[in-house]
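**Q** have a look; sequence and predicted model below, questions after that.
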Amino acid sequence: MKYNYLNNLPLDEAKSKYYEHLKKVGFTKKTETVPVTDACGRVIKDAAYAHICSPHYNASAMDGVAVKAAVTFAASERTPVTLTPADYTVVDTGDPLPDKADSVIMVEDLIEGENGNYDIISSVVPWQNVRQVGEDICMGDMIAPSGTALTPSLCGALLAGGITEIEVIKKPLVGIIPTGDEIVTPTADPKKGDIIEFNSTVFKGMLNGFNAESKLYPITPDKKDLIKSAIETALSECDIVLVSAGSSAGRDDYTSEIIASLGTVLVHGIAVKPGKPAVLGEALGKPVIGLPGYPVSAIVIMDEIVSEVVAMYYGKPRLTGETVKATLAKKIVSSLKYSEYVRVSLGRIGGKLSASPLARGAGVITSFTKADGVLIIPQNCEGIEAGEEVEIRLYKPLCEIENTLIITGSHDPLIDEVSDFLARRGAPFRVCSTHVGSMGAIYAVRDGLAHMGGIHLLDTETGEYNKSYVEKYLPDGNAVTVKGVGRVQGLMVKKGNPLNIKEFKDIKNVRYVNRQRGAGTRILCDWLMEQNAISPKEVDGYYNEEFTHTAVAALIAAGNADAGLGIYSAAKMYDLDFIPICNETYEFLIDKNYLDNPMVRAFLDVLYSDEFQIRLSEMGGYV
């Protein structure tokens, strides 16, 4: 098999090399003239100067009467002044001021008399209650400098200044070419071997955020001539071309070779993880970028490079998200070969932000859907210890992150269900949960890195759940357990139980899928193995670890494993058979400081509500 990466350049070096080349070939902006009424969000080419004043006439600022201020000077409570119809003109807000008037008396300051006369008991000064010519904008004033992105208020100011059309930078059109024999358009019922093509939808949304337009081309099979033809078509129609997948070094990865045949490949292989296989090229003076097929890898390249290429087109620096300092909740081990991008969820615990790493796989798109920000681990760094302060680049506003209830520990679908109940009730906060096992919850609550955590830790000596662990690891009594649910743990197996599994000891004869170390279900598994005199060596799949009950159920449903311990609600979700083993106690561990926290209280209120008990009954397996 060929292996044709050209580079493993550090990200900054790859960017510099690529952008310098694009500048040399003249990659730059185009312009168009559009009505100001349709220009919100557009970037103007040149400075905009007012054609007229605003207001362009002396205008009444109030409802009332327009007068010459001098006729009011003697007015007081003791010596009212009477205005006759010859002294005033009735005006409404915005009306032109009569030529001989220089002020307006508000209607509420007028005392109505006979024959159209008004008495006043206070005077006005010249130009009181009048918007004079040019009060807001004077003809010739610069309303916005070159390169300004037009906001709604700026568009209003342009119109007020007599500008009805404006030359703006034409949004770059970005062509997206999905490639691959196995790629299919989105469907609810894909066949085995089909990979749903959703990357382009992600790219289109990101490009919209970069202020670019996109054009999606049909899925192109892994044939060199077809991909080349698609790129040539996109080059003739677009300003930037993105080729999705085919950028790696595999048998059917042609992107780099094709770009080189049409123009120049500057970089193939960047020292970032995920995202290494990216191809940075140019043809016909236009950027052509090969994106990795794995979604997370592609998103990193979109965010780090494509966004900057679009910014270069506009002639402006790329805007990156706000950065904050946070405490890392879990140790991260990293490679020395790459700069690694680790998505994290964030929440404020006490006076500090806590950052919990999310799944790091290049194909795990949900790590982005749940992410509040990204931690960039520099090249040549082996990792970061839990508890260290790190810098996070935010994906979301900090105010949204501040209103987050952080729940960690043992996985149970009921946490997501409570979150949904809260959302439907209009709760002014969100729930962020990470699955690190029951022992992970113990450590997180102990170290002040979570508000609460789900635990179900069996004391194999007493048969009691959770109490001995809390007393051992949190001996100062600063945390308490509160009622969660009782639930049924058992073996999940294929529908119809084709292998006739009857009890736990039968796992010796099948392919097993386990939970991760530190999970309450893993502790239960190990205890059951000890009770049945089963060693890990006798279990095919003992070291095959998953982090959630639903992940275990999904592997069994897919045929990757025959059995695994889990809760009934997960088995029901995947239409699996379930062999009950035991009932257990699932509780929430909460730092005493947060027992009265409004977010914690709201979560528990839903959990204990009659309405939610109905939902638990529908899910099944809770006692």
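**A** Arrived safely. Numbers count the residues shown, from 1 in each chain.
**Q** I'd like the next helix or strand past the helix-or-strand element of the chain with minimal mean pLDDT.
**A** Ranked by mean pLDDT, DSSP states H and E, the weakest helix or strand in the chain is helix 366-369, scoring a mean of 67. In the C-terminal direction, the helix or strand that comes right after helix 366-369 (DSSP states H and E) is strand 373-377.
**Q** ok, and what's touching the next helix or strand after that following strand?
**A** Next along the chain after strand 373-377, taking DSSP H and E as the criterion, comes strand 383-384. Residues from elsewhere that reach strand 383-384, judged by Cβ atoms under 8 Å, 6 or more residues apart in numbering: 328, 331, 332, 333, 334, 375, 377, 390. Just so you know, the C-beta spots here come from the backbone N, C-alpha and C atoms, and that holds for glycine as well.
**Q** elements contacting the strand or helix carrying the last one?
**A** For residue 390, the element it lies in under DSSP H and E is strand 389-394. With contacts taken as 3 or more Cβ pairs under 8 Å, 6 or more residues apart in numbering; DSSP states H and E, strand 389-394 sits against strand 323-328, strand 339-349, strand 352-357, strand 373-377.
**Q** phi first, then psi, for the spatially most central residue of the chain.
**A** With distances taken as Cα atoms, centre = their mean, the residue of the chain nearest its centroid is residue 395 (5.3 Å). Backbone dihedrals for residue 395, given as degrees, to the nearest 10, come out at phi -100, psi -20.
**Q** one more: residue 300?
**A** Dihedral angles (degrees, to the nearest 10) for residue 300: phi -60, psi -40.
**Q** same question, the one 4 residues further on
**A** Geometry field for residue 304 lists phi and psi as phi -90, psi -30, criterion degrees, to the nearest 10.
**Q** alpha carbons only: can I get stretch 344-361 in CSV?
**A** Listed next in CSV are the C-alpha coordinates belonging to stretch 344-361 (Å, rounded to 0.1, in the frame of the first residue of the first chain):
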residue,chain,number,x,y,z
VAL,A,344,-14.1,19.9,26.7
SER,A,345,-17.3,20.6,28.6
LEU,A,346,-17.1,23.5,31.1
GLY,A,347,-19.0,24.6,34.2
ARG,A,348,-18.3,26.8,37.1
ILE,A,349,-17.8,24.9,40.4
GLY,A,350,-17.5,27.3,43.3
GLY,A,351,-15.2,30.0,42.1
LYS,A,352,-13.4,28.2,39.3
LEU,A,353,-14.2,26.8,35.9
SER,A,354,-13.9,23.0,35.5
ALA,A,355,-12.9,21.5,32.2
SER,A,356,-13.9,17.9,31.5
PRO,A,357,-12.4,16.2,28.4
LEU,A,358,-14.8,14.6,26.0
ALA,A,359,-14.3,11.6,23.7
ARG,A,360,-11.2,12.2,21.5
GLY,A,361,-11.9,9.9,18.5
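**Q** tell me what residue 268 is bridged to.
**A** When assigned by DSSP bridges, residue 268 has beta-bridge partners residue 279.
**Q** that one is in contact with residue 289, isn't it?
**A** No: in this structure, residue 268 is not within contact of residue 289 by Cβ atoms under 8 Å, at 11.0 Å.
**Q** re the thing from before, and which of the contacts of strand 383-384 is nearest to residue 299?
**A** residue 375 (15.2 Å; Cβ to Cβ).
**Q** need the contact list for that closest one.
**A** 328, 332, 341-344, 355, 357, 384, 390-393.
**Q** residue 554 belongs to a helix?
**A** Yes: counting by DSSP: H, G, I helix; E, B strand; the rest coil, one finds residue 554 located in a helix.
**Q** pLDDT value on the residue nearest to it when sequence neighbours are not counted, please?
**A** The shortest distance from residue 554 to any non-neighbouring residue, by Cβ to Cβ, 6 or more residues apart in numbering, is to residue 574 (6.4 Å). On the pLDDT scale, residue 574 is placed at 94.
**Q** residue 556 is in contact with residue 574, correct?
**A** Yes: applying Cβ under 8 Å, one finds residue 574 in contact with residue 556, separated by 7.2 Å.
**Q** any shared contact partners between these two?
**A** Counting by Cβ under 8 Å, 6+ apart, the common neighbours of residue 574 and residue 556 are residue 492.
**Q** so those two - more neighbours on which side?
**A** residue 556 (26 against 19; other Cβ atoms under 10 Å).
**Q** can you pull the contacts of the more buried one?
**A** 492, 493, 494, 513, 562, 563, 564, 574, 576.
**Q** redo that, cut-off 10 Å
**A** Applying Cβ atoms under 10 Å, 6 or more residues apart in numbering, one finds that residue 556 lies in contact with 491-495, 511-513, 562-564, 566, 570-571, 574, 576-577.
**Q** and if you look at residue 558?
**A** 192, 574.
**Q** also the one 4 residues further on?
**A** By Cβ under 10 Å, 6+ apart, the contact set of residue 562 is 491-494, 497-499, 501, 506-507, 509-513, 540-541, 555-556.
**Q** among these, name the buried ones.
**A** 491-494, 497, 501, 506-507, 510-513, 541, 555-556 (16 or more other Cβ atoms under 10 Å).
**Q** just the residues you listed now: which is nearest residue 135?
**A** Nearest member of these to residue 135, counting by Cβ to Cβ, is residue 555, at 70.5 Å.
**Q** what's the spacing between the closest one and residue 577?
**A** 15 Å (Cβ to Cβ, to the nearest Å).
**Q** with residue 558 instead?
**A** 15 Å.
**Q** equivalent analysis for residue 98, please.
**A** Counting by Cβ to Cβ, the gap from residue 98 to residue 577 is 90 Å.
**Q** same deal with residue 258?
**A** 50 Å.
**Q** and those two? which has more neighbours close in?
**A** Set residue 258 next to residue 577 and count neighbours by other Cβ under 10 Å: residue 258 wins out with 25 against 17.
**Q** hmm, that one is touching residue 228, no?
**A** Yes: with contact defined as Cβ atoms under 10 Å, residue 258 counts as touching residue 228 (4.8 Å).
**Q** now name the helix or strand holding residue 614.
**A** Residue-wise, residue 614 maps onto helix 610-619 under DSSP H and E.
**Q** list the helices and strands that helix packs on?
**A** Other helices and strands packing on helix 610-619, by 3 or more Cβ pairs under 10 Å, 6 or more residues apart in numbering; DSSP states H and E, are helix 413-424, strand 479-493, helix 568-573, helix 598-607.
**Q** and those as CSV, adding distance to residue 186?
**A** Listed next are the helices and strands packed on helix 610-619 as CSV, based on distance: least, Cβ to Cβ, whole Å:
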stretch, distance to residue 186
helix 413-424, 23
strand 479-493, 29
helix 568-573, 22
helix 598-607, 33
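**Q** buried deepest among these, which one?
**A** Of all the helices and strands packed on helix 610-619, helix 568-573 has the most neighbours on average by mean count of other Cβ atoms under 10 Å, namely a mean of 22.
**Q** does residue 525 touch residue 544 like I think?
**A** No: using Cβ under 10 Å, residue 525 makes no contact with residue 544, being 12.0 Å away.
**Q** the more surrounded of these two?
**A** residue 525 (23 against 17).
**Q** in a strand, the more buried one, correct?
**A** No: under three-state DSSP, residue 525 falls outside any strand and is assigned helix.
**Q** and it, how far is that from residue 273?
**A** For residue 525 relative to residue 273 (Cβ to Cβ), the value is 32 Å.
**Q** do residue 13 as well
**A** Distance from residue 13 to residue 273, by Cβ to Cβ: 16 Å.
**Q** which one's more surrounded, the two?
**A** residue 273 (21 against 13).
**Q** the more buried one contacts residue 378, correct?
**A** No: taking contacts as Cβ under 10 Å, residue 273 lies outside contact range of residue 378: 11.6 Å.
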